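> just the structure for this:
(one chain, ligands or ions: 1)
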Amino acid sequence: MSSDPVSGAAHAAAPLGEIAIEAEGLGKAYAIFKRPQDRLKQMLVRGRRKYYDEYWALQDVNLTVRKGETVGLIGRNGSGKSTFLQLLCGTLTPTTGRIGVNGRIAALLELGAGFNPEFTGRENVYLAASVLGLANEQINERYASIAEFAGIGDFIEQPVKLYSSGMYARLAFAVAAHVDAEIMIVDEILAVGDASFTQKCMRFIHRFKERGTLFFVSHDTGQVVNLCDRVVWLDSGTVRAIGPAKDVCHDYLADLYNGPENAGSFRIGGSRKRADKIADAPVQDSRAEVLKNSQHRNEIEIFDFDLNAPWFGERGASITGVRLLDAERNPLSTLEGGEEVTLQVVCRAEKALFQPIVGFYVRDRLGQNLFGDNTYLTYQLDPVRVPAGTDFVTGFRFQLPYLPSGDFSVTVAIAEGTQADHVQHHWIEDALFFKVHSSHVVQGLVGIPMLGIAIETAG
Ligand SMILES: Nc1ncnc2c1ncn2[C@@H]1O[C@H](COP(=O)(O)OP(=O)(O)OP(=O)(O)O)[C@@H](O)[C@H]1O
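Take a look at the predicted model:
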């Protein structure tokens, strides 16, 4: 394990004016002690010798956030997001560079509201609100509204050590929503609340955006794009990109999909699993060439993953991306029908998952399920475990049937358990749309590739 090694530049005040947050050459190194006794030795030698290795969790971050901006922070696990936020809040000291904050800051770090576990909810409201700058009379005036926002009933009189993570998050958010913060930092906290509370928080965040500066950290790129003007992408402790939310999230997802560890399989807890047993070349329709060159060929246009599609579920896991890839794993925007495709579903385990099931349906415009599948059978004897906070990719590789002309959608879902008994974590209705412009399929719901068609005379 490790601790803060080297002291560095102070948490200095930023220049006044239109700037809310300014980081210059910001870096943070942690000390990694190989043996517990080295930590003690280090304390004794007071810096004259070094008994630790330095690990740079963050290096040379330069960032200016103007007042009123909403900035997203994304990156893989361990890329340095929490470290950056702690430097921003002043709970960590930079090893190099500086970070300045101009305005009252309220941070909603994941399970890190700074509550005292022995105090009741009510006592913690007073404690946290006063740390965030409210006078006692102001807290008295706002207490009823805070309690109402939290919505945890009589639990507010219980010590917070008895709270579930969702209740803790509710109270933390309720306080932060009432302290007149000018800068708000929201870090994954929404993932632990239930759907109605998450929506309440999102309504607050949308209102806050109108008047304040928001720093939003999430693995849910859909939410990031929805909310943020700009996005900072951290990769191994350095800034990989800063730019318009949609562009940066797109590049980040592309990197996540195409990273070497995701090519055709996914790795969880160190073991690499084949996502599926890949069959041989797809079945060729004997008329493939003729169809391809005729007006009957399937022409299919695919639209992007719909970030605003309706969803339901417990959100112990989230689906963060859905797309179709061709046989070479390039993203597809049009299809011909009959060819090999891979439907990729990118998920994030918000909590530790045991036996996740990822599935999909393709539906026609009347809502009829044409076909679909899920990962259950493949993994039922060898259930996958996914640690909390892990992003993972599921691939369904199949030969696309021929489709009749019309509109189609793909519904995707991630559940946990067994086929018969499971918790639905995230079900996204019509996550992806595609349109078939022309087709030779005139009968039935779908057409299958014909290996051969022959008329032969009897005898
Ligand atoms: N106290 C510490 N001592 C040593 N290393 C640490 C410490 N805290 C974090 N790290 C390391 O610094 C790196 C960045 O961690 P950080 O928590 O900032 O990443 P993150 O992007 O927030 O990850 P996640 O998405 O999983 O929350 C990681 O490799 C982590 O192991």
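> next secondary structure element downstream of the helix or strand harbouring residue 215?
Using DSSP states H and E, residue 215 sits within strand 213-217. Next in sequence after strand 213-217, counting helices and strands by DSSP H and E, comes helix 221-227.
> buried residues of that following helix, list them for me.
Under the neighbour-count criterion of 16 or more other C-beta atoms under 10 Å, helix 221-227 has 221-225, 227 buried. In short, each C-beta sits where N, CA and C put it, glycine included.
> what's the neighbour count on whichever residue of the stretch 351-459 of the chain sits closest to the ligand?
Minimum separation of the stretch 351-459 of the chain from the ligand (C-beta to the nearest ligand atom) falls at residue 389, amounting to 4.7 Å. By the measure other C-beta atoms under 10 Å, the count of residues near residue 389 is 16.
> quick one, phi/psi of it?
phi 80, psi 10 (degrees, to the nearest 10).
> secondary structure class for the closest residue to it other than its chain neighbours?
Nearest residue to residue 389, sequence neighbours excluded (C-beta to C-beta, 6 or more residues apart in numbering): residue 77, at 5.5 Å. With DSSP: H, G, I helix; E, B strand; the rest coil as the basis, residue 77 sits in coil.
> residue 77 and residue 391 touch, don't they?
Yes - counting by C-beta atoms under 8 Å, residue 77 touches residue 391, with 7.1 Å between them.
> neighbour count: the two, which is higher?
residue 391 (20 against 12).
> bridged to the residue lying closest to the more buried one once chain neighbours are set aside, which residues?
Counting by C-beta to C-beta, 6+ apart, residue 391 lies nearest to residue 348, which is 5.0 Å off, once chain neighbours are set aside. Here residue 348 sits in beta bridges with residue 318, residue 391, going by DSSP bridges.
> let me see the contact set for residue 348.
Listed by C-beta atoms under 8 Å, 6 or more residues apart in numbering, the contact set of residue 348 reads 219-220, 317-318, 320, 389-392.
> next: residue 433.
Here residue 433 is in contact with 302-303, 306, 407-410 (C-beta under 8 Å, 6+ apart).
> most neighbours among the residues you listed, please name it.
Neighbour counts for the contacts of residue 433, by other C-beta under 10 Å, peak at residue 410, which reaches 23 neighbours.
> assign a three-state SS to that one, would you?
Residue 410 is classified as strand under three-state DSSP.
> what sits opposite it in the beta ladder?
residue 362, residue 432.
> quick check, it in contact with residue 431.
Yes - look at residue 410 against residue 431 with C-beta under 8 Å: they come within range, at 5.9 Å.
> show me the protein divided up by domain.
2-257, 285-438 (automatic domain parsing).
> how far away from the center of its chain is the first one?
Think domain 2-257. Offset of domain 2-257 from its chain centre (C-alpha atoms, centre = their mean, to the nearest Å): 16 Å.
> contacts only, for the residue of the stretch 351-459 of the chain closest to the ligand.
77, 219, 348-350.
> got the angle between the longest helix along the chain and strand 213-217?
The longest helix of the chain (DSSP state H) is helix 195-211. Here the directions of helix 195-211 and strand 213-217 differ by 140 degrees (axes from the mean of the first three to the mean of the last three C-alpha atoms, to 10 degrees).
> in helix 195-211, which residues are buried?
Within helix 195-211, the residues that count as buried by 16+ other C-beta under 10 Å are 197-198, 200-201, 204-205, 208-209.
> same question, stretch 236-252
The neighbour-count check on stretch 236-252 (16+ other C-beta under 10 Å) flags 237-242, 245, 248-250, 252 as buried.
> looking at pLDDT only, which of the buried residues of helix 195-211 scores worst?
Within these, pLDDT reaches its minimum at residue 198, with 73.
> do I have it right that that one meets residue 313?
No - assessed by C-beta under 8 Å, residue 198 is found out of contact with residue 313, at 11.3 Å.
> neighbours of residue 128, how many?
Considering only other C-beta under 10 Å, residue 128 is surrounded by 24 other residues.
> from now on call the first residue 17
Taking 17 as the first residue, the last one we looked at is residue 144.
> with adjacent residues omitted, what lies nearest to it?
Closest residue in space to residue 144, ignoring its immediate chain neighbours: residue 191 at 4.8 Å, by C-beta to C-beta, 6+ apart.
> next one: residue 79
residue 39 (4.5 Å).
> is the ligand within reach of the host helix or strand of the one you found?
Assigned by DSSP H and E, residue 39 belongs to strand 35-49. Yes - counting by C-beta under 6 Å from any ligand atom, contacts between strand 35-49 and the ligand involve residue 46.
> and that strand, what does it pack onto?
strand 18-19, helix 52-61, strand 68-82, helix 97-105, strand 112-117, strand 229-233 (3 or more C-beta pairs under 8 Å, 6 or more residues apart in numbering; DSSP states H and E).
> same for the second one, what does it pack against?
Based on contacts counted as 3+ C-beta pairs under 8 Å, 6+ apart, the elements that helix 52-61 packs against are strand 35-49, strand 68-82.
> need the winner for burial among those strands.
Compared across these, strand 35-49 shows the largest average neighbour count, a mean of 21 (mean count of other C-beta atoms under 10 Å).
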